[in-house]
Structure formats: C-alpha cells, structure tokens
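**Student:** what's the 3D shape of this:
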Amino acid sequence: MTMSFNFTGLLTRLQTTAPTVRALSMSHSLTQKVLCSLWKLGRLNHVAIAVPDLEKAQSFYKNVLGAQVSETVPLPEHGVYTVFVELGNTKLELLHPLGEKSPIAGFLQKNKAGGMHHICIEVDDIKAAMSELHEKKIRILSEEPKIGAHGKPVIFLHPKDCDGVLVELEQA
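**Tutor:** Take a look at the predicted model:
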C-alpha cells in the first residue's frame, strides 16, 4: 500500500492560514495580558451616603422603608460613625462625622443635605490590587490598607483617577 501526499497543496493551505493564526494568537496574548491580573474584582459591597443627621437617616430607612438597620458604630481611625442598611443584594453605609478632622465633615460642608460619598467593591487580594494600581498610576489615598467598618483591610482610590467617584476596595 503506497500513500501519496500532496506537499504543494498542504504548503499552499498553511501559507494562506498562517496570517489568520498569527492574528488570533496575537489577540489571544493581548487578552491574556488584560486577564492575567493577580487579583480579582468582586461584588459591590456597599454604597456609602454621608448624612448630616444620622438618627433621622436611620429612622427613614428603618421606619419608612422597612429596612434592617444596624446599630451606630464609631470608627475613630476613619473619623466617622457608620450605620449599615441591609438591602439583600448589597448594603448602604450611612456616614456621619466623628471629630473635627473627619473627612465626612468636609464633605457635608460642601453638600449640606448629604449625598453619595463612595462605592465599595470587594477584591480577593488587596495587596496585589494596590501593587497593580500603583503600576497603572492610580492614586491610593493611603500607603497601607486600614481596617474598615467590616473589620477587613480597605483602601480608597483617588476620585480624579476614577471618573469622579471615590472608590473603596475591601479585602473579601
């Protein structure tokens, strides 16, 4: 039994498909660079709202909207009182100033009625996130993570680097 093989036909097919394979290979490696992060973005943990009257805000969410509302927790290292409002798929964090140097006091001076202060997104590796964000020239508002309201490390990203939104990243 003899087999004949058409090398000319094979070579012609390889030459015509090679650029396509190379193009796919190159786009695949570009995709891999984007996806080869050492950390992953997780779920939205909460939306924080600065409020001028914490008791009034607690009452609104609890008595008017019927939400489950936590007790007030002071966080002196962040200069805030916090209250969490459970929403099922995420939370609201009500923020009120604690002390004269509170960042929330400054926010409320500019926004007398209060308003959205920041969003918090979970990450699976906050140190890796910090390293990569630093490489990408995203400003982080502290040198090291601080312990946040949930007892986990958090960092804040400069709003000017995040389309005007103060972003908190929290270790999941």
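
**Student:** so where does the one residue sitting closest to the centre of the chain fall, helix or strand?
**Tutor:** With the centre of the chain defined as its mean C-alpha position, the nearest residue by Cα atoms, centre = their mean is Ile121, 3.3 Å away. Take DSSP states H and E as the rule and Ile121 turns out to sit in strand 115-123.

**Student:** after that strand, next one along is what?
**Tutor:** Along the chain past strand 115-123, the next helix or strand (assigned with DSSP H and E) turns out to be helix 126-135.

**Student:** name the helices or strands packed onto that following helix?
**Tutor:** Helix 126-135 is packed against strand 153-157, strand 167-171, with contacts defined by 3 or more Cβ pairs under 8 Å, 6 or more residues apart in numbering; DSSP states H and E. (C-beta placed from N, C-alpha, C; glycine too.)

**Student:** so what's Leu169 up against?
**Tutor:** By Cβ atoms under 8 Å, 6 or more residues apart in numbering, the contact set of Leu169 is Cys120, Ile121, Glu122, Val123, Ile126, Ala129, Val154, Ile155, Phe156, Leu157.

**Student:** sorry, slip of the keys, the one I care about is Leu98.
**Tutor:** Pro74, Leu75, Pro76, His78, Gly79, Val80, Tyr81, Ile104.

**Student:** same check, this time on Lys40
**Tutor:** Neighbouring residues of Lys40 by Cβ under 8 Å, 6+ apart: Val123, Asp124, Asp125.

**Student:** of the residues you listed, closest to Leu54?
**Tutor:** Nearest to Leu54 among the contacts of Lys40 is Val123, at 28.4 Å by Cβ to Cβ.

**Student:** that closest one: neighbour count?
**Tutor:** 23 (other Cβ atoms under 10 Å).

**Student:** measure it to Lys146 for me?
**Tutor:** Val123 is 15 Å from Lys146, where distance means Cβ to Cβ, to the nearest Å.

**Student:** how about Ile119?
**Tutor:** For Ile119 relative to Lys146 (Cβ to Cβ), the value is 17 Å.

**Student:** wait, His158 touches Lys137, no?
**Tutor:** No: His158 lies out of contact with Lys137 (Cβ atoms under 8 Å); the separation is 10.4 Å.

**Student:** okay, these two: which has more neighbours?
**Tutor:** When His158 and Lys137 are compared on other Cβ under 10 Å, the one with more neighbours turns out to be His158, at 12 against 7.

**Student:** now that one: closest residue in space that isn't a chain neighbour?
**Tutor:** Leaving aside its chain neighbours, His158 sits nearest to Arg139 (3.7 Å; criterion: Cβ to Cβ, 6 or more residues apart in numbering).
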